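Q: Using only what follows, build the 3D model:
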Amino acid sequence: MKQLSTIEEVILELGGPKAVAELTDRQSISAVPMWKIRQKFPATTYARMQAALRARGASAPDDLWGMP
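A: Got it, this is the predicted structure:
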């Protein structure tokens, strides 16, 4: 399994900002770059993004979503 460790790596693995915005039901693509600035994904995106990563044979640490 491919281990990702940064927000940027996760976004790229999932197809870039537009694809991640669609995956997470965001109205605007501009939300995704803000996550990089904040250094954390919204917790509400955790299940959907982790499932998408697993489907691609990748994983990322829970702390990228602010989870212990």
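
Q: pretty sure Thr45 contacts Thr24?
A: Yes - with contact defined as C-beta atoms under 8 Å, Thr45 counts as touching Thr24 (4.5 Å). Every residue, glycine included, has its C-beta placed from N, CA and C.

Q: Just the local confidence number for Glu68, please.
A: Rather than Glu, residue 68 is Pro. Here, the pLDDT recorded for Pro68 equals 86.

Q: quick one: it and Ala43, what's the gap?
A: 12 Å (C-beta to C-beta, to the nearest Å).

Q: Could you check which of those two is surrounded by more residues?
A: Ala43 (11 against 4; other C-beta atoms under 10 Å).

Q: what's the distance between the more buried one and Met49?
A: The value you get for Ala43 to Met49, if C-beta to C-beta is used, is 11 Å.

Q: what's the lowest-mean-pLDDT helix or strand in the chain packed up against?
A: Within the chain, no helix or strand scores below helix 31-38, which has a mean of 96 by mean pLDDT, DSSP states H and E. Packing contacts for helix 31-38, counted by 3 or more C-beta pairs under 8 Å, 6 or more residues apart in numbering; DSSP states H and E, involve helix 7-13, helix 17-23.

Q: Distance from that helix to the middle of the chain?
A: 10 Å (C-alpha atoms, centre = their mean, to the nearest Å).

Q: Pull the distance from the helix or strand following that helix to the chain's centre.
A: Remark: after helix 31-38, the chain's next helix or strand is helix 46-55, criterion DSSP states H and E. Offset of helix 46-55 from its chain centre (C-alpha atoms, centre = their mean): 8 Å.

Q: For the least confident helix or strand of the chain, list every residue counted as buried.
A: Val32, Trp35 (16 or more other C-beta atoms under 10 Å).

Q: what's in contact with it?
A: Ile7, Glu8, Ile11, Pro17, Val20, Ala21, Thr24, Arg26, Phe41, Pro42 (C-beta atoms under 8 Å, 6 or more residues apart in numbering).

Q: Those residues into CSV, with extra columns for pLDDT?
A: Output for the contacts of helix 31-38, formatted as CSV (pLDDT from 0 to 100):
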residue, pLDDT
Ile7, 98
Glu8, 97
Ile11, 98
Pro17, 97
Val20, 98
Ala21, 98
Thr24, 98
Arg26, 95
Phe41, 98
Pro42, 97
